[in-house]
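Undergrad: My questions are about this predicted structure, shown below with the sequence.
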Amino acid sequence: MDMEESSMKKLRQDSPPATAASLLTDDLILEVLSHLPARSVRRFKCVSTAWRDLIADPAHRKKLPQTLAGFLYNKYKPGGALSGHFASVSGGALPVDPSLHFLQPNKFKYIALEDTCNGLLLCACYNKETPDSDKDEYRHVVCNPATERWIELPPPPQALANRFYSTTRLAFDPAVSSHFHVLQFWQTISGVENCARGVDIFSSQTGAWIHRDSELFDKIKLFRRTRSVFFGGMLHLVGRLNTINVDKESALMVLVQVDMEGKAWKTIHLPIGSSFEAIGLSQGCLYYAGSTTQTHISKKNIVQATKITLWCLENHDSKEWVLKHSASINEPLGIIWVEFRVFAIHPDCNTLFLVPIGGDMLAYDMQHQKFVDILNLEKDNVRVYLPYVPLFSEALADADGQ
């Protein structure tokens with residue numbers, strides 16, 4: 001029996017549900033709801049009008065678990081600079097200002113959104129309006145847009161001449177600790193073997209960076225623009241095995257796991273037979289979304305069909321993926337020539353977020369195999385969308401950036 005079922009059973013004992021619920025004070029109801037997943041809290045809005053208003057009250061948001069509010073993303077401005085934008089899932093008022101006005105405007109002229117994790121946002125902040133070259137100085141900033149608190153990180157260890165940072169990711173779990181980590185993975189740029197060589201890790205607890213060499217046995221190239229997942233004390237991100245005589249389309253894809261000390265490095269092979277789309281944490285499990293696209297040529301037209309598959313890693317020890325859903329997404333829309341890309345998995349329900357080339361964001365219900373929402377996007381966006389779940393607790397309470 002899960003926590004939601006246990007809570008509902010308590011309300012039913014010894015009296016009808018309506019009578020039992022009426023005996024609970026608002027504070028007691030909020031206390032019970034605060035220990036439930038965000039998905040359950042949304043369902044309990046249907047208990048009564050009073051419960052709906054209680055849960056929707058802005059004054060109670062700090063006590064209740066939050067779900068996905070939308071996606072932060074960058075858009076190109078004239079001259080090459082970036083500006084922050086937000087696509088709301090609910091379609092209501094924006095829960096966050098994507099311009100990040102609370103950062104020092106006289107110090108940071110150019111801000112690029114890099115990553116999000118459980119309510120915190122990682123940014124690369126430049127002191128110029130636009131970056132002119134790779135030598136432009138910038139600083140990483142971690143902030144909480146809901147509370148407008150932020151911390152400027154010290155510079156990482158001096159990079160060597162023959163290496164560059166392939167990806168930078170944020171790791172944070174407020175249920176475990178109020179501290180966060182930032183991981184900068186680096187790889188060499190000379191020679192044939194272009195693969196991950198190590199990582200620099202910043203800890204907000206120590207306020208310092210440490211360097212660790214890679215402990216990976218295989219040579220793996222990490223994907224720079226794909227999402228990562230922080231789960232079970234490990235950062236999960238996707239890469240490709242650098243195998244001789246294997247083309248890019250058929251190369252093996254792997255999930256790389258790294259702990260917050262950079263000492264434990266593990267790999268899990270991703271399902272074979274589909275191209276990589278996205279990974280995500282949903283309802284307490286790690287999921288992987290893949291796709292296959294087939295083109296059929298007939299006398300009348302050319303039909304391109306995209307099949308989406310959703311896999312779940314139910315057991316980390318066995319490293320086996322279980323197929324949960326599969327669907328052809330072109331048929332419901334009547335579209336015959338559009339390529340879709342899955343970029344996110346909803347944390348609380350069986351919903352995928354897709355974007356066609358040059359189009360708006362679509363929310364697709366895998367369980368009922370139908371599109372349920374459309375999110376409008378700004379033109380000329382960078383096509384990297386960062387999921388945002390508001391965090392109203394006092395994370396970054398020791399922030400010294402303000």
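TA: Alright, I've got the coordinates. In this text, all values refer to a predicted model and were calculated from it rather than measured experimentally.
Undergrad: so where's the stretch 1-150 of the chain uncertain?
TA: Across the stretch 1-150 of the chain, residues meeting the criterion (pLDDT under 70) sit at 1-23, 30-45, 52, 55-65, 79-80, 91-93, 105-106, 128-136.
Undergrad: wait, residue 152 sits on residue 127?
TA: No - counting by CB atoms under 8 Å, residue 152 does not reach residue 127; the two are 11.8 Å apart. Any C-beta I mention is one placed from the backbone N, CA and C, and that applies to glycine too.
Undergrad: These two: which has the busier surroundings?
TA: A count of neighbours by other CB atoms under 10 Å puts residue 152 above the other of residue 152 and residue 127, at 18 against 14.
Undergrad: Tell me the pLDDT of the more buried one.
TA: pLDDT, residue 152: 92.
Undergrad: who's it bridged to?
TA: residue 141 (DSSP bridges).
Undergrad: Could you check how far it is from residue 235?
TA: Using CB to CB, to the nearest Å, residue 152 is found at 22 Å from residue 235.
Undergrad: tally of neighbours for the nearest residue to residue 286 once chain neighbours are set aside?
TA: Spatial nearest neighbour of residue 286, chain neighbours left out: residue 313 (4.4 Å); criterion: CB to CB, 6 or more residues apart in numbering. Residue 313 has 20 neighbouring residues, counting by other CB under 10 Å.
Undergrad: what's the answer for residue 233, then?
TA: 14.
Undergrad: and what of residue 175?
TA: Per other CB under 10 Å, the neighbour tally for residue 175 reads 6.
Undergrad: That one belongs to a helix, doesn't it?
TA: No - with DSSP: H, G, I helix; E, B strand; the rest coil as the criterion, residue 175 is located in coil rather than a helix.
Undergrad: Does residue 308 touch residue 345 like I think?
TA: No - checked against CB under 8 Å, the pair residue 308 and residue 345 is beyond contact range at 11.0 Å.
Undergrad: Now do the shared contacts for the two.
TA: 289, 352 (CB atoms under 8 Å, 6 or more residues apart in numbering).
Undergrad: Just want to know which of those two has more residues nearby.
TA: Neighbour comparison, residue 308 and residue 345: the larger count goes to residue 345, with 27 against 22 (by other CB under 10 Å).
Undergrad: Show me where the stretch 201-350 of the chain has its helices.
TA: Counting by DSSP state H, counting those that start in this stretch, one finds no helices in the stretch 201-350 of the chain.
Undergrad: in it, which segments are predicted with low confidence?
TA: Confidence mapping of the stretch 201-350 of the chain against pLDDT under 70 gives the ranges 243-251, 273-274, 294-305, 330-339.
Undergrad: Was I right to think the residue nearest to residue 286 contacts residue 284?
TA: No - applying CB under 8 Å as the test, residue 313 and residue 284 come out as separate, 11.4 Å apart.
Undergrad: From residue 258, how far out is residue 233?
TA: Residue 233 is 10 Å from residue 258, by CB to CB.
Undergrad: got a list of contacts for stretch 77-95?
TA: Under the criterion CB under 8 Å, 6+ apart, residues 68-76, 96, 98-100, 110-113, 129-131, 146, 361, 363, 373, 375-378, 381-382, 385, 388, 390 lie in contact with stretch 77-95.
Undergrad: shouldn't residue 287 be in contact with residue 271?
TA: No - if you go by CB under 8 Å, residue 287 and residue 271 don't touch, sitting 11.4 Å apart.
Undergrad: Pick out whichever of those two has more residues nearby.
TA: Set residue 287 next to residue 271 and count neighbours by other CB under 10 Å: residue 287 wins out with 23 against 15.
Undergrad: got a list of what the more buried one touches?
TA: By CB under 8 Å, 6+ apart, the residues touching residue 287 are 279-281, 310-313, 324, 345.
Undergrad: want to throw these into a markdown table with distance to residue 27?
TA: Below are the contacts of residue 287 laid out as a markdown table (distance: CB to CB, whole Å):
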| residue | distance to residue 27 |
| --- | --- |
| 279 | 39 |
| 280 | 34 |
| 281 | 31 |
| 310 | 39 |
| 311 | 42 |
| 312 | 37 |
| 313 | 39 |
| 324 | 39 |
| 345 | 35 |
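Undergrad: can you tell me how far residue 327 sits from residue 114?
TA: Distance from residue 327 to residue 114, by CB to CB: 32 Å.
Undergrad: Kind regards, and thank you for your time.
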